[in-house]
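[1] Kindly generate the corresponding structure for this input.
(2 chains)
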Amino acid sequence: MSQDTKLTYSRVTTDVVAMLEKPSVKWWALFMISLSFVGIGLICFIYQVYVGLGVAGYRHPVFWGTYITDFVFWVGIAHSGTLISAILYLFRARFRMSIYRIAEGMTVFAVLTAGLFPIMHLGRPWNFYWLFPYPNQREIWINFKSPLVWDVFAVSTYLTVSSLFFLIGMIPDIAAIRDKVTEKPRRIIYSILSFGWKGSNWEWLHYGRAYLYFAALATPLVLSVHSVVSWDFAMGNVPGWHTTIFAPYFVAGAIFSGLGMVITLTIPIRKIFHLEDYITLDNYDGMAKLIMFTSGIVGYAYAVEFFMAWYSSSPFEWQQFMYRAVGEYALFYWIMVICNVVIPIPLWFSKVRRNLKWLFIISIFINIGMWFERFNIIVISLSRDFDPAAWGVYKISWVEAGITAGSFAWFFMFFLIFLKTLPSVSISEIKEILPVPKRGDK
Amino acid sequence: MSKGKNGGINRRDFLKVIGVAGGTAAVTGACSGEPVEQIIPYVIPPESYIPAIPKFYSSTCRECPAGCGIILKNRDGRAIKVEGNPNSPINGGSTCARGQASLQGLYNPDRNRSPLKLNEFGRLAPTSWETGTNDLSAKINELVSQGKGSRIVYLSNSISGTLNELVDKWTNAIGAKHYTYESFSYDSIKEANSISFGIDEIPNYKIENADYVLSFGADFLETWLSPNQYARGFSKLKTVKNGKVGKFVQVEPRMSLTGASADDWVAVKPGTEVFLALGIANAIIKNGGAKKDAGLVSGMVSSYTPEKVSQLTDVPAETINQIAKDFTKFKSVALGGGVALTGTNATETLVAINILNYIAGNIGKTVDFSDTQLISNANNFKDILKLLEDMKSGGVDVLIVHGVNPVFTLPKSLNAEEAIKKVPYIVSFASFMDETTELSQLVLPDNHSVESWGDFQPTKSYVSIIQPAMRPVFNTQSVGDTLISLSKKVDSTKELINEETYYDYLRSAWKNVANYVAPNKQFDLFWNDTLRDGGVEINLPERSVELSSAVQSVKFAEPEFKGDGEYYFITYPSYKYYDGSGANKPWLQELPEGLTTSVWDSYVDMNTETAKKMGVREGSFINIQSPQGEIKTQVFTYDGIRPDTIAVAIGQGHTAYGRYAKDRGVNPLDLLPNMSDRLSGGFAFLSSKVSVSNAGKHSLLVRTQYTRTQHERGVAQAITLDQLNHPDDHHGEHHDEPDFYPPREYPNHRWAMNVDLNKCTGCGACVTACYAENNIPFVGKAQVAKRRDMSWIRIERYFDKDENGRMDTRFLPMMCQQCGNAPCEPVCPVFATYHNPEGLNGMIYNRCVGTRYCANNCTYKVRKFNWYTYKFPEPLNWQLNPDVTVRTKGIMEKCTFCVQRIKYGTDIAKDGDGIVKDGDILTACQQACPTDAIVFGDLKDTTSQVAKLSHDDRGYKVFEVINTKPGITYLKKVKWDNA
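    Take a look at the predicted model:
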């Protein structure tokens, strides 16, 4: 990592604390927009609960649609946070340091968003807790064979671990902020969140260990969560779902989309908060390389799916994949292929990787492409499974669109709060890579 | 016995009467005029009543003139299900979709709930029976006293039996005229038989005795004469036995639902069936195949060589020769009918068909004149035209309308509406505010047949009883009672009828029947037996029939067509709506039409090539114009219709008739000219050439299946006779593949089903029966457009083409397969669906949270989700089956093999020896199926029919490769190969 010599210990702290100053009008504007969209989403959801799921676009035989697409999309987004903070931590990849806090925040908020959808898509959402194994008088247990139950465990575990990881990683930083802020209420809150951190050697020793172990614990979760999510589909027998490639394919896709989202989020933040000294072009270069790699895996998966469909000589499989490419949903299929495989190709050139404008545009397309990937897998497969007489085409309804928009707003709402309340750049880790201050330095 | 308020009897008195009459008589029917709000079923129950145990009453279905025997199931005072009566020689235990839906006529929210009288604001407002009957009797008294009794007209549908007698007796007494009008009256058959055999009647066609059925347009599986009876015959024809199966050839320009079940469809030029029949006769005589002396007719047919006929009819000569060969080789029958055959030369055509039947020696064997259909009672159409003329010229002062809706069912070109409007006083007995009733001054609503006493004679050999299965839902009164109370109020008929009620009158009348049928039996005993059995059979003498020389007088000619359009215009009765009377029943509206799977609307059948030429596609609106009018409807592109022909079904296009029928679809009768069959005078439905133009609009033609072909997935499989008899490999045999898991154990029962695709005609009776039995909601057109119909059974229809390019239409009823290795079960996170020890995929509504994973994972896509909480508008909800949960929003549902019936059957068995015998439990679909295509039973009982059939050579499982181990075995359709 090339070092900007201007960065010093004191400046890092000042800069990060400066980000937490009173929100500007712009922030409030963004926050209120988010809040109003959350409101729209909430109204849509209440309407749906009141009237029935019929207000969504579902139709026989497509029983899962936008909500599950959104769920998988947000779970996917949630991936790169832990990837960056845990796996890359274990691999000692230094380009993670400036962005991992943002990525972690993104992870937690994305899981919070994702977790809503399995509940919202239920026919009787008020009974959602029946999916948990809680002791009850009727001695009714849950069906551990069902991938949906696995999902409940996978997602809730992931939320727990990633939240803990997020909060523990912040302790020294929050302590630094606690020491800087003057208002009493904020001080109290930060004091609580910093768990009385004093910065002693003994504390640092234990903190370092704890962080390492958490990273080690979180690492398999990165792989497991999305594998389990993929089994929601792979365990089903629907042509287009029932395939062994799904776990690695989904994990790669999740990392791909998560990195896309990190780039989408950090580029504006970097600009607004003048973090050019922290989040460097090298950092982006590293992420872009990962995107290149995962895009390759995703592209390979698309191709292999076709190959397997053909090789299986099963009419169900082959017709399903031909349908994806040329049927009613062909537009969505090709949007997916172009966004996820073709558009990232320029990243092979370092000029593009280091050009933030291009990177930003590409990252947006990746987000779009990955949403459609999930949509295609879920909806197109269901639209044409075994029995030709049952085939039908799904159309999204305004309620689903409203809730999806609301989910983005919900995510950004949390993110905006995060930017103004918690250190979005890791003070302690940045300091780790700065030259040790000497007497006479400012 | 005290008299009820309105001339009926009190319920209490009625019960006394029934108590005397004894056991099986109905306990709930009556005809009092109390307001419905006060009726709470069984506040004081009859003594024999056990809560939750249903009672069954034999009766007769009155949805069409066929007169099928039915059994009405009464649960806690309400009729909740129609079942076929196995004792009936007509339907033998089956019903059609219309019969099943009759309960939605009974509980229809749009029924006339009380007598209505035109008030000073020009609206029909509720009134009392007293006022209503007083008004009418005053009117009649006035006319009769002026000697104008003949200016009273009683217009009814084909009401045979005692009611008909009563009507005749009364109308004669006041000097009124009684006309019997049937929308489809088969005048040409009667006339043709009169010419050919000197018998002015419609014979009984014994399809069940034939091995070869040649039908000229007769839609005998849909509406023609007695569809359920012929469906039973068809079932026999299509039974595969000893490697043999009957053959069925349908000759018609548009392949109807009946034609879709044929082995061969001959797309004859419209109206030229007459020449085809003569051509076949010619070929038979030439080949020396005639089994009767053909001397009388050989001269008539000699000029119709197959080659010449081929030019006239567009049917290849080799097809004609082939049919001629087969027709005499097998025990055969030729049928002529259907609205497609009602051209202006209909009688000639039917004479030609009679000749065919005669020379093949079918008369007396498969065409039985000793027992004739009593739909023959309907007045000739000429009389109806005369009546219209009378009305137009002001010759009718009072018109009493009973069971008919001429304003709708008569073509616009006859101006029936104007004619009826000329009548100063119109009284309607209609249950619904239909187009004719809207014009009336007084409405005295009849009971539904489920609420009335009565009888009906469908054929000469059978008289069936109509008995009430419940008290009237609304403040209505049966026509019989209305007439009796009227007769007491009209001065000249005061002494005419001794009985106080129609029930008494009916019993008196049946004393005559008893004297004839069972002279030695005590009447009460006879009466109770009849009520239990549903009717009595009358032995008829054999009748020998010979060809009359009058046949030689017939000149065969081309039909006439009016209009200079490019396309022949076929209108045909819909098997769902009949003449339109079914259109107000949501079950029928939502029943997918067999061929198109379209619901809740009209459409026009148009050949795919024609559509391409016109630049329209499926769902495009086109204008169909004739000099008489214009209709606009959506195109269904269909390879089963000739390129020069288009067709629209009769039944939709109501401008009144309740919320479900009104303003829905189009009425093709609007386009027809006033044309009649040359010889019989019957209305000629096929007499119009129309022009069509693109209306430039397109929208989705709402259907339940948008896929036409099987996409090579082998869903509905077929086998040729040749393959069946020479199995060169072991395709038919089932080898149990080794399984990773141990086989499932079923300790007591493994419920299973067989569906014979060779017998399934796609009629949809099972679908409607399922709606009725399982409280399945109807959802309306907009929701079906989103594929959210809730039917637990869907009839899949595939239009594949065989190797010769011929249409190969197949039907496959698809319902929950009750898989032994069900994909839906493991994926449910909350065990809402699970495998029960009797082999059913249980579905626990209460536990369902609605993840819908089960539906996604269902290989057969037979699970339905409650997207909303569906409404059953009062009193349609009265029909709901208390044994089946009514589902609310957010819950999955599916076919349960009628688990409530299984439960009922096993419980009954427990009271006895504990053994459930094969056939004790019938699922609703099986019970209704007119062709016995569905067989249900226990696989553990190795002697059961289902166990035997599941090892049939034709047996296969749909999508066997998925290894779901379905409980339903389908039997492959058998195709005739011409070899």
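
[2] how near is the residue of the stretch 1-150 of chain A found nearest chain B to residue B:332?
    Distances between the stretch 1-150 of chain A and chain B by CB to the nearest CB are smallest at residue A:123, namely 1.8 Å. Every C-beta, even on glycine, is put in place using the N, C-alpha and C of the backbone. Separation of residue A:123 from residue B:332 (CB to CB, to the nearest Å) stands at 56 Å.

[3] With residue A:227 instead?
    To residue B:332, residue A:227 is 67 Å away according to CB to CB.

[4] Compare these two (neighbour count), which wins?
    The neighbour count for residue A:227 versus residue B:332, taken as other CB atoms under 10 Å in any protein chain shown, is higher for residue B:332 (24 against 20).

[5] and the residue lying closest to the more buried one once chain neighbours are set aside, what does it touch?
    Excluding the flanking residues, the one nearest residue B:332 by CB to CB, 6 or more residues apart in numbering or on different chains is residue B:212, at 4.0 Å. Going by CB atoms under 8 Å, 6 or more residues apart in numbering or on different chains, residue B:212 touches B:246-249, B:326-327, B:329-333.

[6] switch the cut-off to 6 Å
    Going by CB atoms under 6 Å, 6 or more residues apart in numbering or on different chains, residue B:212 touches B:247, B:326, B:330, B:332.

[7] likewise residue B:909?
    residue B:916.

[8] nearest residue to residue B:445 other than its sequence neighbours?
    Per CB to CB, 6+ apart, closest to residue B:445 is residue B:112, 3.9 Å.

[9] thinking the one you found is in contact with residue B:446, fair?
    No - if you go by CB atoms under 6 Å, residue B:112 and residue B:446 don't touch, sitting 8.9 Å apart.

[10] Common neighbours of the two, please.
    What both residue B:112 and residue B:446 touch, as defined by CB under 6 Å, 6+ apart, is the set residue B:431.

[11] quick check, the helix or strand harbouring residue A:50 touching chain B?
    Take DSSP states H and E as the rule and residue A:50 turns out to sit in helix A:25-51. No - using CB under 6 Å from any CB of the partner chain, helix A:25-51 stays clear of chain B, with a minimum separation of 6.7 Å.

[12] Tell me the buried residues in that helix?
    A:30-31, A:34-35, A:37-38, A:40-41, A:44-45, A:48-49 (16 or more other CB atoms under 10 Å in any protein chain shown).

[13] Report the next helix or strand after that helix in sequence order.
    Counting by DSSP H and E, what follows helix A:25-51 is helix A:66-82.

[14] CA atoms of that next one as PDB?
    This file holds the C-alpha atoms of helix A:66-82, laid out as PDB (Å, rounded to 0.1, in the frame of the first residue of the first chain):
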ATOM      1  CA  THR A  66     -39.700 -10.600  -6.300                       C
ATOM      2  CA  TYR A  67     -39.600 -11.000  -2.500                       C
ATOM      3  CA  ILE A  68     -37.400 -14.100  -2.600                       C
ATOM      4  CA  THR A  69     -35.300 -12.400  -5.300                       C
ATOM      5  CA  ASP A  70     -34.900  -9.500  -3.000                       C
ATOM      6  CA  PHE A  71     -34.000 -11.800  -0.100                       C
ATOM      7  CA  VAL A  72     -31.300 -13.600  -2.100                       C
ATOM      8  CA  PHE A  73     -30.100 -10.300  -3.400                       C
ATOM      9  CA  TRP A  74     -29.700  -8.800   0.000                       C
ATOM     10  CA  VAL A  75     -28.100 -11.900   1.500                       C
ATOM     11  CA  GLY A  76     -25.700 -11.800  -1.400                       C
ATOM     12  CA  ILE A  77     -24.900  -8.100  -0.700                       C
ATOM     13  CA  ALA A  78     -24.300  -9.100   2.900                       C
ATOM     14  CA  HIS A  79     -21.500 -11.300   1.800                       C
ATOM     15  CA  SER A  80     -18.700  -9.100   0.900                       C
ATOM     16  CA  GLY A  81     -18.700  -7.400   4.300                       C
ATOM     17  CA  THR A  82     -17.600 -10.500   6.100                       C
END
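
[15] How far does that helix sit from its chain's centre?
    5 Å (CA atoms, centre = their mean, to the nearest Å).

[16] Shouldn't residue B:692 be within a helix?
    No - counting by DSSP: H, G, I helix; E, B strand; the rest coil, residue B:692 falls outside a helix, being strand.

[17] gap between it and chain A?
    Distance, residue B:692 to chain A, using CB to the nearest CB, to the nearest Å: 29 Å.

[18] Near chain B, which residues of chain A? Just list them.
    Going by CB under 6 Å from any CB, the residues of chain A near chain B are A:52-54, A:59-61, A:63, A:122-124, A:127, A:130-131, A:142-143, A:145-146, A:148-149, A:236-237, A:315, A:382, A:386-392.

[19] mind listing which of those are in helices?
    Those of these mapping onto helices are A:148-149, A:315, A:382, per DSSP state H.

[20] Need those residues in a markdown table (columns: pLDDT and neighbour count).
    Output for those, formatted as a markdown table (pLDDT from 0 to 100; neighbours: other CB atoms under 10 Å in any protein chain shown):
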| residue | pLDDT | neighbour count |
| --- | --- | --- |
| A:148 | 93 | 20 |
| A:149 | 93 | 19 |
| A:315 | 90 | 17 |
| A:382 | 93 | 29 |
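
[21] Which pair of these spans the longest distance?
    Using CB to CB, the pair of those lying farthest apart is A:149 and A:315, separated by 32.4 Å.

[22] Does residue A:214 touch residue A:165 like I think?
    Yes - between residue A:214 and residue A:165 there is a contact under CB under 6 Å: 4.9 Å.

[23] ok, the closest residue to residue A:118 other than its chain neighbours to residue A:301 distance?
    Leaving aside its sequence neighbours, residue A:118 sits nearest to residue A:71 (CB to CB, 6+ apart; 5.8 Å). Look at residue A:71 and residue A:301: by CB to CB, they are 20 Å apart.

[24] cool, residue B:291 as well?
    Distance of residue B:291 to residue A:301, given as CB to CB: 72 Å.
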